[in-house]
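Asks: got a predicted model here, sequence first, then my questions.
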Amino acid sequence: QLQLVESGGGLVQPGGSLRLSCAASGFTLDYYAIGWFRQAPGKEREGVSCISSSGGSTNYADSVKGRFTISRDNAKNTVYLQMNSLKPEDTAVYYCAASLEWIVVVTGVGGMDYWGKGTLVTVSS
């Protein structure tokens, strides 16, 4: 079965850290740009960060710059999102998505080839 599976979410206190993983099953991520998106309750989905297939290009939403770091390990077929200095407003379901087109992942416009089912991140004291 071809799918993306997110993991690493959970409950964390403000100021804490989490590392999310996005693992591919049934296909290789080598040629795909990967984006992380999130959706908070009652809000629209927004782009958080993305990384090109080679890992040479990355992009971040202004709200997470300096706090989140995206990386990939193609040997492990996995993309990571390291989240530091978490804030309550980071609370959301986080999804990863894959596209062969970098512009699709950067803009969030157009059809992704694959979506994960999401992992919940809750930042609360």
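Replies: Noted; the coordinates are in hand. Since the structure is predicted, the reported quantities are computational estimates derived from the model, not experimental observations.

Asks: mind checking the SS state of V105?
Replies: Counting by DSSP: H, G, I helix; E, B strand; the rest coil, the backbone at V105 sits in helix.

Asks: ok, E89 next?
Replies: Following three-state DSSP, we place E89 in the helix state.

Asks: the residue nearest to L2 when sequence neighbours are not counted: how many residues sit nearby?
Replies: Residue nearest to L2 in three dimensions, not counting chain neighbours: G26, with 4.1 Å by C-beta to C-beta, 6 or more residues apart in numbering. All C-beta spots, glycine's among them, are computed from the backbone N, C-alpha and C. G26 has 10 neighbours, counted by other C-beta atoms under 10 Å.

Asks: now G110
Replies: 10.

Asks: cool, and N59?
Replies: N59 - counted by other C-beta under 10 Å - has 18 other residues nearby.

Asks: okay, and the nearest residue to it once chain neighbours are set aside sits in which element?
Replies: Computed as C-beta to C-beta, 6+ apart, the closest residue to N59 that is not its neighbour in sequence is C50, at 5.0 Å. If you go by DSSP states H and E, C50 is part of strand 46-51.

Asks: now the end-to-end length of stretch 52-65.
Replies: Terminal residues of stretch 52-65 are spaced 17 Å apart (C-alpha to C-alpha, to the nearest Å).

Asks: what's the mean pLDDT across that stretch?
Replies: The average pLDDT for stretch 52-65 rounds to 96.

Asks: and that stretch, what's buried?
Replies: Of all the residues in stretch 52-65, those buried under the rule 16 or more other C-beta atoms under 10 Å are 52-53, 59-60, 64.

Asks: make TSV from those residues and add secondary structure to it.
Replies: Converted to TSV, these look like this (three-state DSSP):
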residue	secondary structure
S52	coil
S53	coil
N59	strand
Y60	strand
V64	coil
